[in-house]
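# let's see this in three dimensions:
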Amino acid sequence: MIVDIFPKNVQAHHDLSVTNAAEDHPRSGSCWLVGGDAYNPGGSVAYLQVFDAAAADVTLGSTVPVYTQALTALVATPIEPPRPVLCRTALSYAVTATRTGNGAPASACDLSLVYA
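This next block holds a predicted model:
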């Protein structure tokens, strides 16, 4: 028997200029982050932070992210959580200079998120 565990209704969201301001993804309500990729054109590592909250409710440096990903400088980085990340309230994101901080990255990053 084959069991399909991949979420249905998978969609992609692209944002060409992500920095240290939390942003909402386009679908309101709960969803699963299943993957994506990010390009960091800056000269130093940056960090994607994903939150289970609306962007208006996120305070960078205080709100704890449900997922973080280091974005190596000058390369595209796959976003591959070991399992889908459930955001029960909403999915919002930001890119910062430190893993859980609020400082701006060296450059705005290009981000593609795949969610269901």
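
# look up which residues are beta-bridged to the nearest residue to residue 76 once chain neighbours are set aside.
Of all residues not flanking residue 76 in the chain, residue 39 sits nearest, at 4.7 Å (Cβ to Cβ, 6 or more residues apart in numbering). C-beta coordinates here come from the backbone N, C-alpha and C atoms, glycine included. Beta bridges link residue 39 to residue 76, residue 110, judged by DSSP bridges.

# so residue 39 sits right up against residue 109, yeah?
Yes: look at residue 39 against residue 109 with Cβ atoms under 8 Å: they come within range, at 6.3 Å.

# what sits in contact with each of these two?
The contact sets of residue 39 and residue 109 overlap at residue 71 (Cβ atoms under 8 Å, 6 or more residues apart in numbering).

# in terms of neighbours, single out the busier of those two.
residue 109 (22 against 16; other Cβ atoms under 10 Å).

# hang on, isn't that one packed against residue 96?
No: the pair residue 109 / residue 96 is not scored as a contact, 10.2 Å apart, by Cβ under 8 Å.

# anything in contact with each of those two?
residue 46.

# pull out the buried residues from stretch 37-50.
For stretch 37-50, a neighbour-count test (16 or more other Cβ atoms under 10 Å) marks 37-40, 42, 45-50 as buried.

# which among these gets closest to residue 78?
Ranked by distance to residue 78 (Cβ to Cβ), those are led by residue 37 at 5.2 Å.
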